[in-house]
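Asks: sharing a model that was predicted from the sequence below.
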Amino acid sequence: MSAPVNAQEGLAGFTSVIDVYEHRIGHVCRAVSSHLPPLLKDFPTSGGVVLDNACGTGAASTTLLKHFPNASIYAADIVPPMVSSFKAIISQNAELQNHVKEVRLEDAQSLTFADDMFDASITNFGIFFFPNPELGAAQIFRTLKPGGTAVVTAWKSFGFRPILWEVQDLIKPENPLTQLPLMEPWCDLALLESTLKAGGFKTVELTVVKEGLWGKDKEDFTLVLLENLGAFVSQSWTEAERAGLPAMISKVVDEQQDKFCVTDGAKLGCMMEAWVAVATK
């Protein structure tokens, strides 16, 4: 099964926003990753070996070490700025230096790690970027030890999407509502389950995790939305229409905060939901 849309285009767009990744979406991906280590119920606490697959800036590695301080971690990502960013983070963190054995620039569809190498494999919001997700799933399966556990996440719902639609309706109501063609098909749990089974896994357990996409205050959340929505608006928009985004986002947040947003102290945000799939070899 091929990816629903051109995943290479998605990766190219992802690379282009690497400088604002953590602020735009990375912090909620990191928050979801904090739910994953407890799902590795059979992980050897004495010191198992983990693959942080499509590792990004290493969120899964960082959170995993909080639960399994004796783990040895290998990481891989196909996006060079992500690999460079994670290596820079490691250089400033003694714990990561001790436990992250290697960070490789690799295609998750053709990993060069040995067969049966890992006690656990985590792919946190990476599988929808694979041009052929089933090949990626087969590589996860191949590199796991028998009895090893894979954890794979994908988005179930996007709390910012209703805001996107409201803003789009204000600026360009005649346009079709903007969709998220790369990630949206994965909202259907059947795609994630069938992809992992096609890769070799017999059973897949799915749960849902909720975390907030946050700004530190209303102004900061408006910027978070601008960073996200600006990447998704129709390419047919004029420069003037694009220029209207900041004001319209602020207007929607001001006037409809109770409808679209959640708060946590001074923070303002919206809730995101993620599928978490757990499969054992």
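Replies: Nice, I can see it. Numbering: from 1, shown residues only.

Asks: who's in contact with the most centrally placed residue in the chain?
Replies: The centroid of the chain falls nearest to F125 when counting by Cα atoms, centre = their mean (2.8 Å). By Cβ atoms under 8 Å, 6 or more residues apart in numbering, the residues touching F125 are C29, V32, A54, G56, T153, A154, W155, A274. For glycine as for every other residue, the C-beta is placed from the backbone atoms N, C-alpha and C.

Asks: quick one: it from G47, how far?
Replies: Going from F125 to G47 by Cβ to Cβ, to the nearest Å gives 27 Å.

Asks: what do you get for E166?
Replies: Distance from E166 to G47, counting by Cβ to Cβ: 50 Å.

Asks: how about V224?
Replies: Applying Cβ to Cβ, the value for V224 to G47 is 38 Å.

Asks: neighbour count: the two, which is higher?
Replies: Taking other Cβ atoms under 10 Å, V224 and G47 do not tie; V224 has more neighbours (24 against 13).

Asks: which residues does K210 contact?
Replies: K210 is in contact with M271, M272, E273, A274, counting by Cβ under 8 Å, 6+ apart.

Asks: three-state assignment of it?
Replies: What DSSP: H, G, I helix; E, B strand; the rest coil gives for K210 is strand.

Asks: from the contacts of K210, pick the one nearest V100.
Replies: Closest approach to V100 among those (Cβ to Cβ): A274, at 23.9 Å.

Asks: which ones are touching the closest one?
Replies: A274 touches V32, F125, T153, A154, W155, K156, V208, V209, K210, E211, counting by Cβ under 8 Å, 6+ apart.

Asks: how about stretch 169-178: buried residues?
Replies: Of the residues in stretch 169-178, I171, K172, T178 count as buried by neighbour count, 16 or more other Cβ atoms under 10 Å.

Asks: so how far is that stretch from its chain's centroid?
Replies: Counting by Cα atoms, centre = their mean, to the nearest Å, stretch 169-178 is centred 27 Å from the centre of its parent chain.

Asks: what do you get for stretch 40-57?
Replies: Using Cα atoms, centre = their mean, the offset of stretch 40-57 from its chain centre is 17 Å.

Asks: which parts of it are buried?
Replies: Buried, per 16+ other Cβ under 10 Å, within stretch 40-57: L40, F43, G48, V49, V50, L51, D52, N53, A54, C55, G56, T57.

Asks: which stretches of this protein form helices?
Replies: 7-16, 21, 27-33, 59-67, 80-91, 94-99, 133-143, 161-171, 189-198, 218-229, 239-243, 245-260 (DSSP state H).
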